[in-house]
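J.: got a sequence here, can you build the structure:
(one chain, ligands or ions: 2)
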Amino acid sequence: MLSTQVLRCDPTSISFDSTGKPKVTSQDTLNSLSIAAKNLVDLQPVAFPTETVYGLGALALDSSAASCIFSVKGRPPDNPLIVHVSSPDMLHTLLPSSFKMPQSYELLMRRFWPGALTLLFPSDPNTIPSIITANQPTVAIRMPSHPVARALIALVNAPVAAPSANSSGKPSPTTAEHVRRDLSGKLNVILDGGACDVGLESTVVDGLQEDGKIRVLRPGGISVEDIQETLQEGFQDHALVPQVLVHRRDYRDKELEAAPTTPGMKYRHYSPAAPVTLLMTTSAPPEKVVPSKAESFLISLKNEMEPSAFVKVGVLVLTNSILGTLTLPVVDGIEWRRYELGPVDDPSVTARRLFDGLLTLDQQGVDMILIEEVTETKEGLAIMNRKGLYDIIYNHYTTVLLFVHPNLETDQGLPTHQPLGGLFNKPDDFKGGTLRGSLQLHTKDRVFFCFCGSSFSHTRAFAFCSTNQISSRL
Ligand code: TXA
Ligand code: MG
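T.: Ligands and ions are numbered 1, 2, ... in the order given. Just a heads-up that it's a prediction; the model follows:
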């Protein structure tokens, strides 16, 4: 057991000159950075803030340093790591000499670096240890914009491999306190640079395929729309603008999905301990659904638990949405824990708060978590941001899909619903996150339904179906 130090860093005290060299005006921050840099050079992992989420860093070009990341996180060895650089020069030291930068990459780096965009590059096995790439032919690289991250990498003057600083399978940390709770005793240093601005991981992009198309492997802090716009503006000849495809939304690749390199595929990511339900507040209700009720669902859930047990239900809602302004219904034996995701018209706040919400509710010991769907609900809303977040929730958080109509009666509380007989497994299964089956629900004349499946692949199978397709599977 190590004694973990949390060291404060003031990001506003750090600036960079034109060559990317950091200047630190706060002595405390400089001390913290120096201690962290020394740990890295001594091949010890260090947790540090980036603009997306906190990272668990180690020297990327040293196999034994990088191997510590896997043991601290309990990460499967076949899941490759992102390498972080502090300057374009550092990037070029990693690339094979024969590599010619595609125009799409030039444009994307100019617009989004430093920032929340990770690009795949061909990996030179003489430079990049196989533990980083998990023996894949590519290496994922990004240049973070957080001053603490950039300064730390610049100080050690070497690329730093860093996955999110959480135990494998848990939501990514967005504060130093999240990291401390999860990994304390397993590393020497956590740099505390405050809460992360973006709050979601970087967007992982593969633009190396022969067809020149841009494939988004993991939606993240940079939206697909922004990527599209950058390419459209950058290519003189419109016929040459590469198409942007989002994995699992626009294309599927069976071989790719079997590979651990595809984010969120082989390994379950970002799961809090409690099962998560996505409340789809804008999806059209399916046809031919038999009505039933929400309050009795909660009561039956309660009845199936130990007689004295409370069911704690965590709810992540937008502050001023229809759902967010509802009073949660008082049901005997059900205890609500509410966490606000910010206003409807500021998706960046929602992005920033999402992981904190999941981790906070988990810490409060909730039995299940409901998350309100985040889609465009107001004119003039920045659709691109919403879409990014929506993709992420779709891709990563759904263990149960619950469809609710937008026009909920505001005096009704949550919609009334109840499980269909026999489809709902025992609460024990539910608590263990293995809920399976399907539920139908309605509110007055409006009818909805939900799928329950803890298995990632099971729920994924439904995520992009039209409602008709979904209803035919019931
Ligand atoms: O924002 C972020 O990206 C954060 C901060 C710390 O930079 N890092 C992060 O790392 O989220 P991690 O390891 O939690 O997620 C990296 C994802 C994984 O899903 C991994 O499979 C994928 O990137 N990845 C890494 N190298 C890859 C490669 N060569 N090909 C395809 N996917 C790769
Ligand atoms: Mg991660």
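
J.: alpha carbons only: can I get stretch 339-355 in CSV?
T.: C-alpha atoms of stretch 339-355 as CSV (Å, rounded to 0.1, in the frame of the first residue of the first chain):
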residue,chain,number,x,y,z
TYR,A,339,-28.4,14.9,-9.2
GLU,A,340,-28.8,17.8,-11.6
LEU,A,341,-27.1,17.9,-15.0
GLY,A,342,-27.4,21.6,-15.6
PRO,A,343,-29.8,23.5,-17.8
VAL,A,344,-31.4,22.2,-21.0
ASP,A,345,-29.7,24.8,-23.1
ASP,A,346,-26.1,24.2,-22.0
PRO,A,347,-25.0,20.7,-22.9
SER,A,348,-21.4,21.5,-22.0
VAL,A,349,-22.5,21.7,-18.3
THR,A,350,-24.2,18.3,-18.7
ALA,A,351,-21.1,16.8,-20.2
ARG,A,352,-19.0,18.2,-17.4
ARG,A,353,-21.3,16.8,-14.7
LEU,A,354,-22.2,13.4,-16.2
PHE,A,355,-19.4,11.3,-14.7
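
J.: and that stretch, what's buried?
T.: 339-342, 344-355 (16 or more other CB atoms under 10 Å). Every residue, glycine included, has its C-beta placed from N, CA and C.

J.: could you list the low-confidence segments of the stretch 151-300 of the chain?
T.: 248-249, 252-300 (pLDDT under 70).

J.: around ligand 1, pick out the residues from it.
T.: The stretch 151-300 of the chain has residues 162-164, 201-202, 204, 217-218, 261, 263 near ligand 1, with proximity defined as CB under 6 Å from any ligand atom.

J.: out of the residues you listed, flag the one nearest to residue 125.
T.: Distance to residue 125, by CB to CB, is smallest for residue 261 among those, at 15.6 Å.

J.: mind listing the helices for the stretch 51-200 of the chain?
T.: Secondary structure of the stretch 51-200 of the chain, counting by DSSP state H, counting those that start in this stretch: helices at 63-73, 88-94, 103-112, 130-133, 147-156, 176-183.

J.: and the first one, what does it pack onto?
T.: Other elements packing on helix 63-73 under the criterion 3 or more CB pairs under 8 Å, 6 or more residues apart in numbering; DSSP states H and E are strand 55-59, helix 130-133.

J.: contacts for the first one next, please.
T.: Spelled out, it's strand 55-59. 40-41, 43-49, 65-66, 68-69, 72-73, 84, 144, 149, 152, 156, 158-165, 179, 183, 187 (CB atoms under 8 Å, 6 or more residues apart in numbering).

J.: buried subset of these as a PyMOL selection?
T.: To isolate the buried subset of those in PyMOL, counting by 16+ other CB under 10 Å, use the following:
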select buried, resi 40+44+45+46+47+48+49+65+66+68+69+72+73+84+144+149+152+156+158+159+160+161+162+163+164+165+179+183+187
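
J.: picking up where we left off before, return the subset of the residues of the stretch 151-300 of the chain next to ligand 1 lying in strands.
T.: In this view, those that belong to strands under DSSP state E are 204, 217-218.

J.: got the residues of the stretch 1-150 of the chain near ligand 1?
T.: 50, 52-53, 55, 79-82, 118, 120, 133, 136, 138-140.

J.: and if we set it to 5 Å?
T.: With CB under 5 Å from any ligand atom as the criterion, the stretch 1-150 of the chain meets ligand 1 at residues 50, 52, 55, 80, 82, 136, 138, 140.

J.: that's a helix at residue 245, yeah?
T.: No. Counting by DSSP: H, G, I helix; E, B strand; the rest coil, residue 245 is not part of a helix but strand.

J.: what bridges to it?
T.: With DSSP bridges as the criterion, residue 245 is bridged to residue 215.

J.: picking up where we left off before, quick one: which of the residues of the stretch 1-150 of the chain next to ligand 1 is nearest to residue 112?
T.: Checking those against residue 112 with CB to CB, the nearest one is residue 52 at 11.8 Å.

J.: that closest one and residue 221, how far apart?
T.: 5 Å (CB to CB, to the nearest Å).
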